[in-house]
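Trainee: missing the sequence, but the structure's below:
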């Protein structure tokens, strides 16, 4: 109420939606083994404007070494350097884009995809998650790109090979 003390009660009563704030947060276990766990932290916030915003942040915890994994823990230097092209190739395949099509044709802001630090792992691969407005418009929602480990074999750090070994 303090934030809207200068607004007329009549205006608030007639159109209450713009005068609300809302936050929702859910912490989810996305994958768990005896060696590692992937957590998803979903947050939705509305603080005025046309719509709220949301996103899922991922955290991969190495249970053997008691640490949160970074991209450098998962991929070697050559893998990190190759990642933009691998992400683009997977995005193209997922969205039925030809090599000659612009990524903008699929709705992205840029004609490239850079890796971010918002990733999750499973025994089958690594996924990258981009929140609305990060690489595409709100209408696209969260953009997820999952790369099977089979496509990254030469780039995997030995630590990850051990964590995903069955």
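Mentor: Noted; the coordinates are in hand. If you're wondering where the values come from, they're calculated on a predicted model, not measured in any experiment. Residues are numbered from 1 along each chain as shown.
Trainee: show me what contacts the residue nearest to residue 24 when sequence neighbours are not counted?
Mentor: Using CB to CB, 6 or more residues apart in numbering and skipping the chain neighbours, the partner closest in space to residue 24 is residue 44 (4.4 Å). Yep, even glycine has a C-beta here, placed from its N, CA and C like the rest. The contact partners of residue 44, by CB atoms under 8 Å, 6 or more residues apart in numbering, come to 22-25, 52-54.
Trainee: Kindly report the same for residue 107.
Mentor: Residue 107 makes contact with 136-137, 139-140 under the criterion CB under 8 Å, 6+ apart.
Trainee: Show me what counts as buried in the helix or strand hosting the residue nearest to residue 24.
Mentor: For residue 44, the host element (DSSP states H and E) is strand 36-46. Within strand 36-46, the residues scored as buried using 16 or more other CB atoms under 10 Å are 36-40, 43, 46.
Trainee: Which pLDDT does the model give the spatially most central residue of the chain?
Mentor: Computing the C-alpha centroid of the chain and ranking residues by CA atoms, centre = their mean puts residue 129 first, at 1.9 Å. On pLDDT, residue 129 comes in at 98.
Trainee: Check for me that it belongs to a strand.
Mentor: Yes: according to DSSP: H, G, I helix; E, B strand; the rest coil, residue 129 belongs to a strand.
Trainee: Wait, it touches residue 119, no?
Mentor: Yes: with contact defined as CB atoms under 8 Å, residue 129 reaches residue 119; the gap is 7.2 Å.
Trainee: Find residues that contact each of the two.
Mentor: residue 58.
Trainee: one step back: among the contacts of residue 107, which two are most distant?
Mentor: The distance between the two most remote of those (CB to CB) is 8.1 Å, for 136 and 139.
Trainee: In terms of neighbours, single out the busier of those two.
Mentor: More neighbours surround residue 136 than the other of residue 136 and residue 139, with 21 against 7 (other CB atoms under 10 Å).
Trainee: Can you name the residues that contact that one?
Mentor: With contacts defined as CB under 8 Å, 6+ apart, residue 136 is in contact with 107-109, 130, 143.
Trainee: a markdown table for the residues you listed, including secondary structure?
Mentor: As requested, these are exported to a markdown table (three-state DSSP):
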| residue | secondary structure |
| --- | --- |
| 107 | coil |
| 108 | coil |
| 109 | coil |
| 130 | strand |
| 143 | strand |
